[in-house]
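**Q** return atomic coordinates for the entry below.
(chains A and B)
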Number of protein chains: 2
Amino acid sequence: MTDDIEAYLAQTAERRLDSYRELLRIPSISALSVHAPDCRRAAEWIAADMAAIGLENVEVSDTGGHPVVYGDHLHAAGAPTVLVYCHYDVQPVDPLELWRRPPFEPHVRDGRMLGRGAADDKGQLHAHLRAAEAMLATTGGLPINVRYLFEGEEESGSPNLEPWLLANRDRLTAGVVVISDTGFFDGNRPAITLSVRGMMYAQIDVEGPPIDLHSGSFGGAVENPANALARIISELKDRDGLVRIPGFYDRVRPISEADRAAFAELPFDEGAFQAGIGVPALAGERGYSVVERRGARPTLDVNGLWGGFQGERTKTIIPAHAHAKVSCRLVADQDPDEVFSALRAFVLEVAPPGVGVDLRLLDKSQPMSTPAGHPAVAAAAAAIEDAFGRRPLFIRSGGSIPVCAMVRDSLGLPVVLMGFANPDDQAHAPNESMVLANYEGGIRAICGLFDRLAVGGLAG
Amino acid sequence: MTDDIEAYLAQTAERRLDSYRELLRIPSISALSVHAPDCRRAAEWIAADMAAIGLENVEVSDTGGHPVVYGDHLHAAGAPTVLVYCHYDVQPVDPLELWRRPPFEPHVRDGRMLGRGAADDKGQLHAHLRAAEAMLATTGGLPINVRYLFEGEEESGSPNLEPWLLANRDRLTAGVVVISDTGFFDGNRPAITLSVRGMMYAQIDVEGPPIDLHSGSFGGAVENPANALARIISELKDRDGLVRIPGFYDRVRPISEADRAAFAELPFDEGAFQAGIGVPALAGERGYSVVERRGARPTLDVNGLWGGFQGERTKTIIPAHAHAKVSCRLVADQDPDEVFSALRAFVLEVAPPGVGVDLRLLDKSQPMSTPAGHPAVAAAAAAIEDAFGRRPLFIRSGGSIPVCAMVRDSLGLPVVLMGFANPDDQAHAPNESMVLANYEGGIRAICGLFDRLAVGGLAG
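**A** Coordinates of the predicted model:
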């Protein structure tokens, strides 16, 4: 990054924060239809900003839901093309009473920008715009070709993104996608996320008699749906934490020696992790460390279960039915539809006779891994090291970001996750914030990434 | 029974139903404190009735809750003494909208008395009073010595009965207790219940992290309380329906050849039973028929379970805690406290590390069996056959009537269950009724029982 850009950023620091706050003031909660006009207002605010700083072909593009904002700058002949993805919609704000200040009245305190969307993901989107502004203002161009795609429905499951990507595939040609919607490691250690897990989320319904039965008159003679549900769930995993569904691990990529070494190098203290959660012991699949279990191994968890009497004292019934929500976090190259089919077949096999069992797939997303050794990772790592003074860790997220695989698969492009949030930013929770040093460092890291890609290209 | 008594009963038939209705009009719901005055009014109504027909030492006796009504007639020197037990309190009436007529406006239709308490247990209590009235009015005495004990808290767990029994033990001397609070077999076949099951009702609380955790960030690294609960429950029974708690069956009396033959003779159609419930298959402990499973074998059922997310779609959490209500129906000579201790030890043993597990005993009652071959059973059977024209079946109830063992143990007396309700009387449900032929036959069977005990005694 040139001194010119640094000087420009220094001069515009105050205006930048004003602009950041302006974007945060728009309550673009995608999940609540009452905020649909706010989502459009946020999209139009961004489009106006993009046009003002010199990006081209700026468009607020309608989808079946909230619009996508597109813009590009494609004048770096011979240089790589990057597609930048962020989202401008935010999570709902309830419980509102836990916010110390109103969620859409952003303000700076203790080196943080506070407000809904400060970190997830308006702050990161805004950092991209400010990086482009600084480069365009000081050099009249960008060192590489860049397309910007800002979504408005990420926090409500991106129901309209995939059709939009497929319909616009021809004008989205690029060499790599850079998604800025992730973050750093504990202790605000700079990090690049190399993978996110996918998800298969199902409901198991166990049906017994049409009505609750008296447990005295019928107890011992009729299969109890709640007991049957417990048996089904217990069959799904063995005592070593291994999922027993046949074929479940067939497509799981084994952890390489290099991965294992990278996991072992992470500054992760299992004792502190356990103490932080407040459980008497950690658990999980035998033979793997916590960071390996979380980052590179699939899981199976009951997210909820219910059936029969839940009141204060006693009711002597055989419940008519019992239910569980069961989800798996998936790793490459597992497929949620395949996993659901295997789960379904196994559950029907192990279910006791005397009850009916039904399964429904409620949600799914594909796992995503950045291709090992992709040159944009090296470029991003070097840019982050320059901007933050510390080499980033390479981490694997236990969570799921469905857009990662959606963008990858719709456009056939590799995805690199370069995000600047901090683990304690309270994304999705009250009092969300972003560390301003991360926001500022992020702007500089983005400039640095573009510079390095201009020199090194994407060929590796 | 003499012709005089039959003539008296014929003459007083209309007045008898008026009196029955009068008792049913008092809303003596013991579980609702707003009805405490009604419970006392019912007790006083009964006491006045007892005094009017010539019973002695009549007393409305205070307990910590609703009163006990006592009265006796002890002038049959040399004859046995019977303690009669019924209860005058009734179940709540909700859901009120399902009653075709108000629950406390009793009326006769299609040969039934309809109204809350018609069968359970005011109708049976009233039959005892009318039997005594008929005998006293026609013969000036009773053929045996009789003490009457009418409780007012049976439908709310009899919390004050045991202390009252122990405090009044000296004036409750008798040779046998006759409880009229049970009923006939399917098809209104006369029956004598030889045993009721006991109960151990516990809650299992599985505690994980202090708050719900994100299933992506923590999934695979922390024990999931809902999965742990499912494993615990599934360990409690094997696939053959056998309870796996060590020692659980130690005190269970094996089914004798005679019992087995009696069970086999019951007019019970397993296919019709299954069709009536509406389940795809029956289930239960291998090696036993349905009536054996229900009447002579203990059970273990989940009455309810819950934890985590129960909403419509998805929430990706590891629940902080999960819970189950688990109850066992017990048979002689199992003890609920022993069973709870064994359950507790076993659950703590099989619970996975990484969660805390706590168990609480919520309710308990002892199983009760009438001593095999007790002479009062033969007398009751003969009296029922005389009154109803059909030899009674000997059945074992799958349900629990805690007062049976409570009376037996507090007073050290054998208990015979001679009841006249019909399985379709809808006790505890809307539109409760009693078949008037059962009520009338019951009066005559009670007279017949007293006559036979006067002749045959209790020595066997």
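**Q** remind me which residues of the stretch 51-200 of chain A are low pLDDT?
**A** For the stretch 51-200 of chain A, no stretch has pLDDT under 70.
**Q** just the closest residue of it to chain B, please.
**A** Per Cβ to the nearest Cβ, residue A:197 is where the stretch 51-200 of chain A lies closest to chain B, at 6.3 Å. The C-beta positions use only the backbone N, C-alpha and C, and glycine is treated the same way.
**Q** what's the closest non-adjacent residue to residue A:241?
**A** Of all residues beyond its chain neighbours, the one nearest residue A:241 is residue A:285 (4.0 Å), with distances taken as Cβ to Cβ, 6 or more residues apart in numbering or on different chains.
**Q** please read the previous query as pertaining to residue A:296.
**A** Leaving out its chain neighbours, the residue that sits closest to residue A:296 by Cβ to Cβ, 6+ apart is residue A:255, at 5.1 Å.
**Q** element containing the one you found, please.
**A** For residue A:255, there is no host helix or strand (DSSP states H and E).
**Q** just the helices in chain A please.
**A** In chain A, helices defined by DSSP state H lie at A:3-11, A:13-24, A:36-53, A:122-139, A:161-167, A:225-236, A:257-265, A:270-277, A:290-296, A:336-350, A:375-388, A:402-411, A:436-456, listed in chain order.
**Q** counting by contacts, list what the longest one packs against.
**A** When contacts are defined as 3 or more Cβ pairs under 8 Å, 6 or more residues apart in numbering or on different chains; DSSP states H and E, helix A:436-456 packs onto helix A:3-11, strand A:112-114, helix A:122-139, helix A:375-388.
**Q** close to chain B: what parts of the stretch 301-450 of chain A are there?
**A** A:301-311, A:313-319, A:322-325, A:327, A:329, A:352-356, A:362-363, A:397-400 (Cβ under 8 Å from any Cβ of the partner chain).
**Q** show me which of these are buried.
**A** When these are checked for burial by 16 or more other Cβ atoms under 10 Å in any protein chain shown, the buried set is A:301-310, A:314-319, A:322-325, A:327, A:329, A:352, A:354-355, A:362-363, A:397-400.
**Q** how much space between the most centrally placed residue in chain A and residue B:106?
**A** Most central in chain A under Cα atoms, centre = their mean is residue A:401, positioned 3.0 Å from the mean C-alpha point. Look at residue A:401 and residue B:106: by Cβ to Cβ, to the nearest Å, they are 67 Å apart.
**Q** same question, residue A:419
**A** Following Cβ to Cβ, the distance that separates residue A:419 from residue B:106 is 74 Å.
**Q** would you turn the helices of chain A into JSON lines with mean neighbour count and distance to residue A:251?
**A** Converted to JSON lines, the helices of chain A look like this (neighbours: other Cβ atoms under 10 Å in any protein chain shown; distance: least, Cβ to Cβ, whole Å):
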{"stretch": "helix A:3-11", "mean neighbour count": "14", "distance to residue A:251": "45"}
{"stretch": "helix A:13-24", "mean neighbour count": "16", "distance to residue A:251": "41"}
{"stretch": "helix A:36-53", "mean neighbour count": "19", "distance to residue A:251": "37"}
{"stretch": "helix A:122-139", "mean neighbour count": "24", "distance to residue A:251": "32"}
{"stretch": "helix A:161-167", "mean neighbour count": "17", "distance to residue A:251": "22"}
{"stretch": "helix A:225-236", "mean neighbour count": "27", "distance to residue A:251": "18"}
{"stretch": "helix A:257-265", "mean neighbour count": "14", "distance to residue A:251": "17"}
{"stretch": "helix A:270-277", "mean neighbour count": "13", "distance to residue A:251": "28"}
{"stretch": "helix A:290-296", "mean neighbour count": "24", "distance to residue A:251": "13"}
{"stretch": "helix A:336-350", "mean neighbour count": "17", "distance to residue A:251": "8"}
{"stretch": "helix A:375-388", "mean neighbour count": "21", "distance to residue A:251": "23"}
{"stretch": "helix A:402-411", "mean neighbour count": "21", "distance to residue A:251": "14"}
{"stretch": "helix A:436-456", "mean neighbour count": "22", "distance to residue A:251": "32"}
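**Q** up against chain B, what does the stretch 51-200 of chain A have?
**A** Taking Cβ under 8 Å from any Cβ as the measure of proximity, the stretch 51-200 of chain A contacts chain B at A:197, A:199.
**Q** could you redo the last one with a cut-off of 7 Å?
**A** For the stretch 51-200 of chain A, the contact set with chain B under Cβ under 7 Å from any Cβ of the partner chain comprises residue A:197.
**Q** hang on, the earlier thing: which residues does the residue of the stretch 51-200 of chain A closest to chain B contact?
**A** Residue A:197 makes contact with A:329, A:330, A:331, A:367, A:397, A:398, A:399, A:400, B:216 under the criterion Cβ atoms under 7 Å, 6 or more residues apart in numbering or on different chains.
**Q** please repeat the previous calculation with a cut-off of 10 Å.
**A** A:294-299, A:328-332, A:334, A:365-369, A:396-401, B:215-216, B:219-220 (Cβ atoms under 10 Å, 6 or more residues apart in numbering or on different chains).
**Q** run through the bridge partners of the nearest residue to it once chain neighbours are set aside.
**A** The spatial neighbour of residue A:197 that comes closest, neighbours along the chain excluded (Cβ to Cβ, 6+ apart), is residue A:329 at 4.1 Å. For residue A:329, the beta-bridge partners are residue A:199 (DSSP bridges).
**Q** for residue A:329, what are its contacts?
**A** The neighbours of residue A:329, taking Cβ under 10 Å, 6+ apart as the test, are A:196-201, A:294, A:297-301, A:365, A:367, A:397-400, B:215-217, B:219-220, B:316.
**Q** so of the residues of the stretch 301-450 of chain A next to chain B, which ones are in strands?
**A** Taking DSSP state E as the definition of strands, those contribute A:301-308, A:317-318, A:322-325, A:327, A:329, A:356, A:362-363.
**Q** residue A:28 and residue A:89 touch, don't they?
**A** Yes - the pair residue A:28 and residue A:89 passes the contact test of Cβ atoms under 10 Å, sitting 5.1 Å apart.
**Q** mind listing the shared neighbours of those two?
**A** By the contact definition Cβ under 10 Å, 6+ apart, residue A:28 and residue A:89 are jointly contacted by A:35, A:38, A:39, A:42, A:43, A:66, A:117, A:122, A:152, A:155.
**Q** who's in contact with residue A:270?
**A** Residue A:270 is in contact with A:282, A:289, A:290, A:291, B:221, counting by Cβ under 10 Å, 6+ apart.
**Q** let's go with 6 Å and repeat that
**A** residue A:290 (Cβ atoms under 6 Å, 6 or more residues apart in numbering or on different chains).
**Q** do the same with residue A:246
**A** Residue A:246 sits in contact with no residue, where contact means Cβ under 6 Å, 6+ apart.
**Q** confidence score at it?
**A** Looking at residue A:246, its pLDDT stands at 98.
**Q** give me phi/psi at the residue nearest to residue A:241?
**A** In terms of degrees, to the nearest 10, the main-chain angles of residue A:285 are phi -60, psi 130.
**Q** ok, it touching residue A:238?
**A** No - using Cβ atoms under 6 Å, residue A:285 is not in contact with residue A:238, being 9.8 Å away.
**Q** pick out whichever of the two has more residues nearby.
**A** Here residue A:285 and residue A:238 are set side by side on neighbour count (other Cβ atoms under 10 Å in any protein chain shown), and the busier one is residue A:285, at 18 against 13.
**Q** gap between the more buried one and residue B:218?
**A** Here the criterion is Cβ to Cβ. By it, residue A:285 lies 14 Å from residue B:218.
**Q** distance of the closest residue to residue A:393 other than its chain neighbours relative to residue B:191?
**A** Spatially, and ignoring its direct neighbours in sequence, residue A:393 is nearest to residue A:191 (4.4 Å; Cβ to Cβ, 6+ apart). Look at residue A:191 and residue B:191: by Cβ to Cβ, they are 75 Å apart.
**Q** how about residue A:366?
**A** Here the distance between residue A:366 and residue B:191 works out to 63 Å (Cβ to Cβ).
**Q** the two - which one has more neighbours?
**A** More neighbours surround residue B:191 than the other of residue A:366 and residue B:191, with 25 against 22 (other Cβ under 10 Å).
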